[in-house]
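Undergrad: please work out how this folds:
(chains A and B)
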Amino acid sequence: MSQGRLLDLVKSQCRIFSLNFNPQRLRLGNKILRQRLRGPALAAWYPKQEVSFRDLQNTYKPLGLTTFDEAEDDREEAIQIAKLRGKGRPKKKRTAAESRSAKKKK
Amino acid sequence: MSKPAASLFHPKRLNLSGFINTRLIRDHNKRMAFEQTEPERQALRYMIRNTSLPGRTRAQAQLQLSQMHAYTRPTQIKNRCVASGTARSVFRDFRINRYQFRLQALSGELPGVKKASW
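TA: Predicted coordinates:
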């Protein structure tokens, strides 16, 4: 078979299978376009939390049911105890002047 | 030039379950950032590899790709253990590290896995 016939064959092959016809073998970067996106697979590595306790609370509170979040209750209790011991968080400085005066005290 | 803040990639609400620590959350944020920016990165990569484009365009694409935030880079992603957050000796099939694998396998939590004996 002649060179021209072979080229025609490859050309129609590329047309049928929607490939890129590139007889000069130029570097057109098409292999990048052929790659599949890896993002969704990588993003699914860690288990997702679909429903949280707060979601349950939000759905059942309007129905008049009471809910009790033990972890949240424990946390609030610990904060109260820390406050009583004087170990609570410092008050948020809202203005630049306040934060400056707080630094000077040290 | 100041370093762009990684806090750009912190989600409003964390939707991870199971074991969580700071490094695991950081890795998760990187995964999310990569997923979001992947089409953009691929487009830039295509422009860089395409020798039929003018050199100036390709150089600009190179610059733009290199100036994207580090969190959007796939090489930043590290497979961490889902059960303990460890980054070393993590089995890809089970997503847990070798010690957690041993513990869970011995307690029968991994279907089809049993201790070899012959």
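
Undergrad: tell me, how many residues neighbour residue B:103?
TA: Other residues near residue B:103 number 14, with proximity taken as other C-beta atoms under 10 Å in any protein chain shown. Yep, even glycine has a C-beta here, placed from its N, CA and C like the rest.

Undergrad: how about residue B:35?
TA: For residue B:35, which is what you asked about, the neighbour count (other C-beta under 10 Å) is 19.

Undergrad: what's the nearest residue to it if we skip its chain neighbours?
TA: Nearest non-adjacent residue to residue B:35, counting by C-beta to C-beta, 6 or more residues apart in numbering or on different chains: residue A:39, 3.4 Å away.

Undergrad: give the contact list for residue B:90.
TA: Contact analysis of residue B:90 by C-beta atoms under 8 Å, 6 or more residues apart in numbering or on different chains lists B:79, B:80, B:81, B:96, B:97.

Undergrad: what residues does chain A have near chain B?
TA: For chain A, the residues in contact with chain B under the definition C-beta under 8 Å from any C-beta of the partner chain are A:26-33, A:35, A:37-40, A:42-43, A:45-50.

Undergrad: look up how far residue B:33 lies from the closest residue to residue B:8 other than its chain neighbours.
TA: Distances taken as C-beta to C-beta, 6+ apart put residue B:69 closest to residue B:8, at 7.1 Å, once the chain neighbours are dropped. Separation of residue B:69 from residue B:33 (C-beta to C-beta, to the nearest Å) stands at 7 Å.

Undergrad: residues shared between the contacts of the two?
TA: Where contact means C-beta under 8 Å, 6+ apart, the residues bridging residue B:69 and residue B:33 through contact with each are residue B:9.

Undergrad: for the two, indicate the residue with more neighbours.
TA: It is residue B:33, of residue B:69 and residue B:33, that has more neighbours when counted by other C-beta under 10 Å, with 23 against 16.

Undergrad: circling back: list buried residues within the residues of chain A next to chain B.
TA: Neighbour counting with 16 or more other C-beta atoms under 10 Å in any protein chain shown marks A:28, A:29, A:32, A:39, A:42, A:43, A:45, A:46 as buried within those.

Undergrad: how far away is the fourth one from residue B:36?
TA: Distance of residue A:39 to residue B:36, given as C-beta to C-beta: 8 Å.

Undergrad: repeat that for the second one.
TA: Separation of residue A:29 from residue B:36 (C-beta to C-beta) stands at 22 Å.

Undergrad: now the lengthiest helix in chain B, how far from the centre of its chain.
TA: Determined from DSSP state H, the single longest helix within chain B is helix B:22-49. On the basis of C-alpha atoms, centre = their mean, to the nearest Å, the separation between the geometric centre of helix B:22-49 and that of its chain is 8 Å.

Undergrad: so which elements touch that helix?
TA: With contacts defined as 3 or more C-beta pairs under 8 Å, 6 or more residues apart in numbering or on different chains; DSSP states H and E, the packing partners of helix B:22-49 are helix A:30-34, helix A:39-43, helix B:55-66.
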